[in-house]
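[1] fold the stuff below for me.
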Amino acid sequence: MRRLVRSTAILGLGSAATVVAAILRSKILAAWLGPEGTGVLAQLAGLTAVLVPLATLGAGNGVVTMIAEARARGDLAKVRRITRTATTLAWTVGIGLAVLAALSSPWLARGIYRDAGFVWAILFCAAAVPLSAVASLRITMLQGHEAVREMAKLNGLIAAIGIGAIIPMAHFFGVKGAVAQIVVVAAAHAWLSGRFLRPLTPPRPPDLTGEEPRIDRSLLSTIARYGGSALVVGLSSTLTLLVVRSILVGKLGLSQNGIYQVCVGVSGLTMPLILNSITATVWPEIAAKPRDADAVGPMAGGIRLAFLLVTGVSAALLVGAPIWVRLFYSERFLPALDLLPFQFLGDYFRAAAWMFGVWLVPRQRLRPWVLFDVVYGVVLLAVFAVLVGRVGIQSVVFAYVAAHVSHAVLHYALARRALGFRLGKQNALLLGASLALLIGLAILRPRDMTGVAIGGAASLAWAGLVIQRREWIAIKDMAFRLLGRARPAA
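    Now for the predicted structure:
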């Protein structure tokens, strides 16, 4: 648990620049472009989230496991072959997808914007696809190497470059400049990720004669097995969300899509940061275990840390929402206050689903992983379709909650049956108290200082109830070490 906390803390601190950059970016877009401009970029982000996994052939999670397993066996030559093969495939498929997206840009623009005038945005997106795909894959390779510090440094550098690019480009060129900076950041990400990965990549074997192949055909079946499953899983969420948001644009307009982006933006910032930081340590540990049942130990520690962080961050954001929505967006985005409580409830169940199923990929249990994500996509679309005509934009967050509830229930049931997994007394208390806190805050919906004070008191009571004394001590010790301060004398 201590190692898990340390690794997560290093990544978290390294990603502090990412958080700051995302906040500044949101403020810039809100102030200069408003809800409609924010909605334009949100749709482009959704399209990118569909195309980039396709360009990687869904191999990211599989590459983490393959590299971790090869390293555990000391097979450094295989690590090199995995790296070269996956990177070459990403460049090749990414460029092909970029060409295809450019050729189909009029139809894509009409599909996601309901306006063929946004062809220019699709073209910028197409240019970024191969660059983002390679960068994404290299990040998963760093994860397979357990290169926590390198990942943290990379996060910080990309955050700085992103802010350095978007300020002048959005200021002078408006929405088009904000879209164009996506290509600039993607290029920087691809180059820097390669620099960080290079020292970790094993050198060419000295006994290898002739030209080293770019693609090792013996790895293709394994990559395809992981990738095919991952593509179905990824598209069940990203493509579903893009479809939902495109329907939302058609029914309610880009401005309402921009309002909803407040929810997507905060979840997209906090949830991957927390869950990916934990997974970077938990996945290699689980992959190295000899039996499926041995995954229970790493899972238990990961679940506890995930819910402490997700609930603490969600509660703080929900309590402070009346302040930070005004500060980091603008008054025009205040309707998002009615959506955020349900978004954070959905994030709770999203964390549950992820952590209950965190063992599936490293243990190569891909069929249930795929099936459960297909169910997630079906539930999301079905609930949204039923509710959108009745409750408008709230239908999206209601569907988000329902989909992740189904996802979490399925993953827990499988872990219980296949692994004999049990939450345990302390984790059951944590999950129950966390759910009660988020439901209470959803009912309270702080809007003024009185509500903020009540919500803050409830959050402190939650922390006092669920955080154990040894965890407070570990947090304090970790803080002193990470900040470079000497531990005070007892």
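
[2] give me the phi and psi angles of residue 447.
    phi -130, psi -20 (degrees, to the nearest 10).

[3] which SSE is residue 234 in?
    Using DSSP states H and E, the element containing residue 234 is helix 220-252.

[4] now that helix: buried residues?
    Buried positions in helix 220-252, judged by neighbour count with 16 or more other C-beta atoms under 10 Å: 222-223, 226-249, 252. C-beta: built from backbone N, CA, C; applies to glycine.

[5] to the chain's geometric centre, what's the distance from that helix?
    Put simply, helix 220-252 sits 14 Å off its chain's centre (C-alpha atoms, centre = their mean, to the nearest Å).

[6] for that helix, the averaged confidence score.
    Averaged over helix 220-252, pLDDT sits at 83.

[7] next secondary structure after it?
    As assigned by DSSP H and E, the chain's next helix or strand after helix 220-252 is helix 254-287.

[8] ok, and for that next one, which residues are buried?
    So, applying 16+ other C-beta under 10 Å, buried residues of helix 254-287: 254-267, 269-271, 273-287.

[9] in contact with residue 34, which residues?
    Taking C-beta atoms under 8 Å, 6 or more residues apart in numbering, we find residue 34 in contact with 255, 258, 330, 332.

[10] quick check, nearest of the residues you listed to residue 169?
    Taking C-beta to C-beta as the measure, residue 169 lies nearest residue 258 of those, at 19.0 Å.

[11] now do the closest one against residue 196, distance only.
    Computed as C-beta to C-beta, to the nearest Å, the residue 258 to residue 196 distance reads 34 Å.

[12] same question, residue 423
    The value you get for residue 423 to residue 196, if C-beta to C-beta is used, is 37 Å.

[13] you'd agree residue 146 is up against residue 283?
    No. Counting by C-beta atoms under 8 Å, residue 146 stays clear of residue 283, with 9.4 Å between them.

[14] what about the chain, any weak spots by pLDDT?
    Across the chain, the ranges flagged by pLDDT under 70 are 1-19, 207-210, 473-490.

[15] return the set of buried residues in stretch 311-323.
    Buried residues in stretch 311-323, counting neighbours by 16+ other C-beta under 10 Å, are found at 311-315, 317-319, 321-322.

[16] that should have said stretch 336-345, apologies.
    Taking 16+ other C-beta under 10 Å as the criterion, stretch 336-345 shows 336-337, 339-345 as buried.

[17] so what's the gap between that stretch and the chain middle?
    Averaged C-alpha coordinates place stretch 336-345 at 18 Å from its chain's average position (C-alpha atoms, centre = their mean).

[18] just give me the closest of the buried residues of stretch 311-323 to residue 393.
    residue 321 (16.3 Å).

[19] by contact count, what packs against whichever helix or strand residue 98 is part of?
    Here residue 98 sits within helix 76-103, counting by DSSP H and E. Contacts defined by 3 or more C-beta pairs under 8 Å, 6 or more residues apart in numbering; DSSP states H and E place helix 76-103 against helix 16-55, helix 60-72, helix 119-144, helix 220-252.

[20] out of those helices, which comes closest to residue 468?
    Among the helices and strands packed on helix 76-103, helix 16-55 comes nearest to residue 468, with 25.7 Å by C-beta to C-beta.

[21] so what angle separates the directions of the closest one and helix 60-72?
    Angle, helix 16-55 to helix 60-72, by axes from the mean of the first three to the mean of the last three C-alpha atoms, to 10 degrees: 100 degrees.

[22] helix 16-55: which residues count as buried?
    Buried, per 16+ other C-beta under 10 Å, within helix 16-55: 17-18, 21-26, 28-30, 32-35, 37-55.

[23] repeat for stretch 127-145
    Neighbour count says stretch 127-145 has 127-145 buried, by 16+ other C-beta under 10 Å.

[24] rewinding a little: overlap of the contact sets of residue 146 and residue 283?
    Common contact partners of residue 146 and residue 283 (C-beta under 8 Å, 6+ apart): residue 68.

[25] what residues are up against the closest residue to residue 226 other than its chain neighbours?
    In space, and not counting its chain neighbours, residue 226 is closest to residue 62: 2.4 Å by C-beta to C-beta, 6 or more residues apart in numbering. Residues in contact with residue 62 (C-beta under 8 Å, 6+ apart) are 222-223, 225-227, 230, 361.
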